[in-house]
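Participant: heads up, no residue letters with this:
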């Protein structure tokens with residue numbers, strides 16, 4: 001449907017208003033002018049080839065930038081994975097090192113117990129090897145504990 005711009009207003013229509021009319025009465029022709037038409041006729045331009053080429057260029061540029069982003073993301077992911085693997089390896093090594101060493105809750109407690117057990121063996125006194133230091137010390141004759149540990 002052709003569009004017309006009002007040049008001279010009439011009842012119910014203001015100047016500059018754009019109307020879409022299928023047919024126009026001959027009496028209204030001097031009051032309107034056709035919008036988008038040249039005085040010598042309408043002009044048709046075919047820009048589809050230019051639009052298609054511009055779209056292809058935009059898609060190619062987008063594809064290149066997306067590929068670059070993907071490559072960068074892959075490189076970052078590989079770096080993160082390598083760092084995580086290195087950290088996991090160091091944690092495993094620390095765990096292995098710590099698992100092989102036992103530290104007694106009471107320092108020198110096992111040494112004192114071993115000395116008391118050795119003295120009981122020398123004196124040929126029967127004892128249960130699972131007993132604690134105090135129970136073993138109670139089996140020693142009076143004064144033997146002071147001989148073993150003079151500072152205490």
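Facilitator: Received the coordinates, thanks. Keep in mind that what you see is a predicted model, and the values were worked out from it rather than measured.
Participant: C-alpha only now, for contacts and for neighbours.
Facilitator: Noted.
Participant: Kindly list the longest helix within this structure.
Facilitator: With DSSP state H setting the assignment, residue counts place helix 48-100 as the longest helix in the chain.
Participant: continuing past that one, what's the next helix or strand?
Facilitator: In the C-terminal direction, the helix or strand that comes right after helix 48-100 (DSSP states H and E) is helix 109-122.
Participant: For residue 19, what are phi and psi?
Facilitator: Summarising the backbone geometry of residue 19 under the convention degrees, to the nearest 10, its torsions are phi -120, psi 150.
Participant: Verify the contact between it and residue 3 for me.
Facilitator: Yes - in this structure, residue 19 sits in contact with residue 3. The criterion is CA atoms under 8 Å, and the distance is 5.5 Å.
Participant: okay, now the domains of this structure?
Facilitator: Described in terms of automatic domain parsing, the domain architecture of the chain consists of the residue ranges 3-34, 45-100, 109-148.
Participant: pLDDT of the second one, averaged?
Facilitator: Pointing back at domain 45-100 there. Along domain 45-100, the predicted local confidence has a mean pLDDT of 90.
Participant: picking up where we left off before, helices and strands around the longest helix of the chain, which ones?
Facilitator: With contacts taken as 3 or more CA pairs under 8 Å, 6 or more residues apart in numbering; DSSP states H and E, helix 48-100 sits against no other helix or strand.
Participant: ok, now how distant is the residue lying farthest from the centre of the chain from residue 134?
Facilitator: Summary for the chain: using CA atoms, centre = their mean, the residue whose C-alpha lies farthest from the chain's mean C-alpha position is residue 27, with a distance of 72.5 Å. Residue 27 sits 127 Å away from residue 134, taking CA to CA, to the nearest Å as the criterion.
Participant: same deal with residue 4?
Facilitator: The spacing between residue 4 and residue 134, counted by CA to CA, is 114 Å.
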